[in-house]
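Q: Quick one: sequence plus predicted model below, questions after.
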Amino acid sequence: MKKHQVLLAILLYCATFSSPAFAQQNDFIEQYLERLENSKTYLILMAENMPEEHYDFKATADSMSFAENLMHIGWALDWHSQSLLGGRKARDWNTDTELKVAQKSKEEMIATISTTFDNAIQLLSDFDTLRLNDELDYLGLKRTKRQIFLLLADHITHHRGQMIVYLRINGIKPPRYILYQ
């Protein structure tokens, strides 16, 4: 009887992890990581193309500067990946300066954003796909971890779009768009 239970458990395990749904979840992570890598490449190209003397440029007085948009992407990337998806305690916006503009040079900001992307990519490459449907509180809304992945991608695109406009306003042609991001 015990042998039958063990055999049944093994069969159920194999059926679960070879099912189309499981394969789709693994595909989701692989495709997301490709998107995140391309997003990193494109964002860094944009950051490199903006001259440092224009990093404080703002389209309007109440909007974020080019540098603030860049570092805000890093802050949100860290929070969504490391805290919401990874479970690490969130950084304290009032005291943590690692992902703020502060007195950082252009090179320091680019290095910081690159490291933040690398850390997120590492964490997400090890993400347990069985947790994609886990729910959490997202600013008062109930969201799944899969939705957090998608929210993060949208957020990066939103602020990167602002940065493209800032490049153009300053007479700088943005780098050619990189697909699948």
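A: Looks like it arrived, so ask away.
Q: just checking, Asp35 touches Ala153?
A: Rather than Asp, residue 35 is Arg. Yes: Arg35 is within contact range of Ala153, at 6.4 Å (criterion: Cβ atoms under 8 Å). Yep, even glycine has a C-beta here, placed from its N, CA and C like the rest.
Q: Could you pull out the helices in the chain for me?
A: According to DSSP state H, the chain carries its helices in the segments 2-17, 20-49, 66-78, 106-125, 145-169.
Q: How much space separates the residue nearest the centre of the chain from Asn26?
A: Nearest residue to the geometric centre of the chain (Cα atoms, centre = their mean): Leu77, 4.2 Å. For Leu77, the distance to Asn26 (Cβ to Cβ, to the nearest Å) stands at 22 Å.
Q: contacting residues around stretch 148-160?
A: In this structure, residues lying in contact with stretch 148-160 by Cβ atoms under 8 Å, 6 or more residues apart in numbering are 28, 32, 35-36, 39, 42-43, 46, 64, 69, 72-73, 76-77, 80-81, 84-85, 124, 132, 136, 138, 143, 181.
Q: Quick check: the residue nearest to the centre of the chain touching Leu123?
A: No: in this structure Leu77 lies outside contact range of Leu123 using Cβ under 8 Å: 10.5 Å.
Q: Test my guess that Pro175 contacts Leu45.
A: Yes: judged on Cβ under 8 Å, Pro175 makes contact with Leu45 at a distance of 3.9 Å.
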